[in-house]
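Engineer: Just the structure for this:
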Amino acid sequence: DWAIADAFGFRQKMAQEVAQSPEFKEQLVTALAKEWSVPTKLDALLRPSVGSDSSANDSLVRLLLHVDTLQGEIASGLMQLLPEYQEEEAGAGGVPMVRLILSQFRWLERIVDGAALVETASEIMQVADAPLKREILLVLPDLVEDGQHASAAQTLRAVLAEDTRFLACVLDAFGALVLEEETLAEVCETVMGAVGAANVEDLPVVIRFLLQHMTPSNAKPTLLALRTGMPLDLLGSTAVVAAPGA
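Structural biologist: Residues are numbered from 1 along each chain as shown. You can find the predicted model right below:
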């Protein structure tokens with residue numbers, strides 16, 4: 001494990017060094033890339049570091065992601081590793097390397113360039129197998145600042161338009177976004193269009209999402225999409241679709 005006595009002081013020191021020397025930044029990123037090319041070393045970089053009182057701090061990689069001037073290069077390099085580990089079921093600590101990598105992006109204090117991160121994630125999804133694509137979709141809301149949620153929503157809508165297999169995890173991701181009324185209306189429209197192609201096991205999630213976001217202006221098309229898109233045997237069973245308060 002990496003031992004870092006003062007995590008906040010370490011972040012400040014890294015920021016100062018990068019500001020004073022562009023060469024230092026280049027050397028650091030190059031050294032990191034060399035380290036994480038070895039799976040065991042990558043695992044260590046992604047695990048919690050140890051503080052001066054033996055307490056657990058953020059991993060070394062996560063501490064560096066908190067440095068604004070380093071975040072972009074390190075984040076991009078990390079994401080580029082994902083396809084290499086998409087067939088691995090579990091890493092050395094029992095957690096798949098893919099999840100360990102993506103966990104570094106959860107709840108960061110600040111995202112410097114969310115648009116760039118979402119673009120990189122979209123590129124990785126083009127070559128990702130289905131399980132990896134699901135993991136990336138679920139972390140997508142963590143890659144953007146509050147004011148950039150619309151761009152994340154656009155990416156999610158594009159994925160849903162291509163393949164409804166990812167409907168459930170896309171809806172989970174939508175649930176973590178704060179969207180303006182116009183963008184939310186577009187999202188609901190996309191989901192309505194996917195009802196007919198949804199897997200039966202995904203229908204409860206779809207119904208809940210559409211009913212939670214139903215408004216007087218979209219109530220009629222929402223109910224129509226559910227009634228025409230759901231299998232007839234479900235419509236005839238106890239799973240009755242009705243407007244709230246009806």
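
Engineer: only C-alpha atoms for contact and neighbour calcs from this point on.
Structural biologist: Noted.

Engineer: center of the protein - which residue?
Structural biologist: residue 139 (1.4 Å; CA atoms, centre = their mean).

Engineer: Quick one: list the elements packing against the helix or strand harbouring that residue.
Structural biologist: Assessed by DSSP states H and E, residue 139 sits inside helix 130-139. If contacts are counted by 3 or more CA pairs under 8 Å, 6 or more residues apart in numbering; DSSP states H and E, helix 130-139 sits against helix 97-103, helix 114-127, helix 167-175.

Engineer: rank those by mean pLDDT and give me the bottom one.
Structural biologist: Least confident of the helices and strands packed on helix 130-139, judged by mean pLDDT, is helix 167-175 with a mean of 90.

Engineer: Low-confidence regions, this protein specifically.
Structural biologist: 1, 54, 90-93, 231-246 (pLDDT under 70).

Engineer: Show me where it has its helices.
Structural biologist: 7-20, 22-35, 39-46, 60-65, 68-81, 97-103, 114-127, 130-139, 149-162, 167-175, 181-194, 203-212, 219-229, 232-235 (DSSP state H).

Engineer: Nearest to residue 52, out of those helices?
Structural biologist: helix 7-20 (9.6 Å; CA to CA).

Engineer: List the buried residues for the closest one?
Structural biologist: 7, 10, 11, 14, 15, 18 (16 or more other CA atoms under 10 Å).

Engineer: any idea how far residue 152 is from residue 131?
Structural biologist: From residue 152 across to residue 131, the span is 19 Å (CA to CA, to the nearest Å).

Engineer: If you count surrounding residues, which of the two has more?
Structural biologist: Per other CA atoms under 10 Å, whichever of residue 152 and residue 131 has more neighbours is residue 152, with 27 against 12.

Engineer: Pretty sure residue 7 sits against residue 62.
Structural biologist: No: Residue 7 is beyond contact range of residue 62, at 10.4 Å (criterion: CA atoms under 8 Å).

Engineer: and residue 120, what is it in contact with?
Structural biologist: 76, 79 (CA atoms under 8 Å, 6 or more residues apart in numbering).
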